[in-house]
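[1] this one's sequence-less:
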C-alpha cells in the first residue's frame, strides 16, 4: 500500500505540485501532468509505463482507490489525504470526485522511433 499522509494545512509545501493546476503552463514546465477524478487517477496508477509522483485525495476517494494504490510499485508513493476544502483551496477549484494525481511526463520520443514499423503514415 502507498504511504498515507494526512494533511490539514493547505499551505503545506508537500502539496506544491497541486497549486493552481488550472494553469497548464505551470504543470507543463515542470514535466508533469495532472490526473483528475477517481477513474483517471486509477488508470494512471495502473498504467505500465507512466510514473505517478503523488496522489491527493479526500478520505472518501481514498477508500475507492485503495485497490489501485495497493498495486505493485506503489509502496513509496505519497498519498496526501485532505478534506474537501483543502483540496479546493490548493487546486484553485472544486474537485468534484476528490481525487488528483501528479504524473511524470515521459521523455519525448523522436518521430522516427514513433513511426518505425508503421505500414501507413498520415500527415
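    Received it, and whenever you're ready, just let me know what you need. Since the model is a prediction, treat every value here as computed from it, not as a measurement.
[2] Dihedrals phi and psi, residue 38?
    Note on residue 38: backbone dihedrals following degrees, to the nearest 10 are phi -60, psi -40.
[3] hang on, isn't it packed against residue 61?
    Yes: Residue 38 lies in contact with residue 61 (C-beta atoms under 8 Å); the separation is 5.7 Å. (Each C-beta comes from the backbone N, C-alpha and C, glycine too.)
[4] quick one: which of these two has more around it?
    Set residue 38 next to residue 61 and count neighbours by other C-beta atoms under 10 Å: residue 61 wins out with 23 against 19.
[5] overlap in contacts of residue 38 and residue 61?
    Jointly contacting residue 38 and residue 61 under the rule C-beta atoms under 8 Å, 6 or more residues apart in numbering are 97, 98, 99.
[6] Okay, the first one and residue 38: tell me how far apart.
    Read that as residue 97. In this view, residue 97 and residue 38 are 5 Å apart by C-beta to C-beta, to the nearest Å.
[7] ok so, going back, when you compare pLDDT across the shared contacts of residue 38 and residue 61, which one is lowest?
    Taking these together, the minimum pLDDT is found at residue 97 (87).
[8] List the buried residues in the lengthiest helix in the chain.
    Longest helix of the chain, by residue count under DSSP state H: helix 59-69. Going by neighbour count (16 or more other C-beta atoms under 10 Å), the buried part of helix 59-69 is 61, 62, 64, 65, 68, 69.
[9] Sketch out the low-pLDDT regions of this protein for me.
    For the chain, the stretches with pLDDT under 70 are 26-27.
[10] So which residue is dead centre in it?
    residue 101 (1.9 Å; C-alpha atoms, centre = their mean).
[11] Now the phi/psi pair for that residue, please.
    Main-chain dihedrals, residue 101, degrees, to the nearest 10: phi -140, psi 150.
[12] and if you look at the one 10 residues further on?
    Comment: the main-chain dihedrals of residue 111 come out as phi -60, psi -30, following degrees, to the nearest 10.
[13] Quick one: neighbours of it, just the number.
    For residue 111, using other C-beta under 10 Å, the count is 9.
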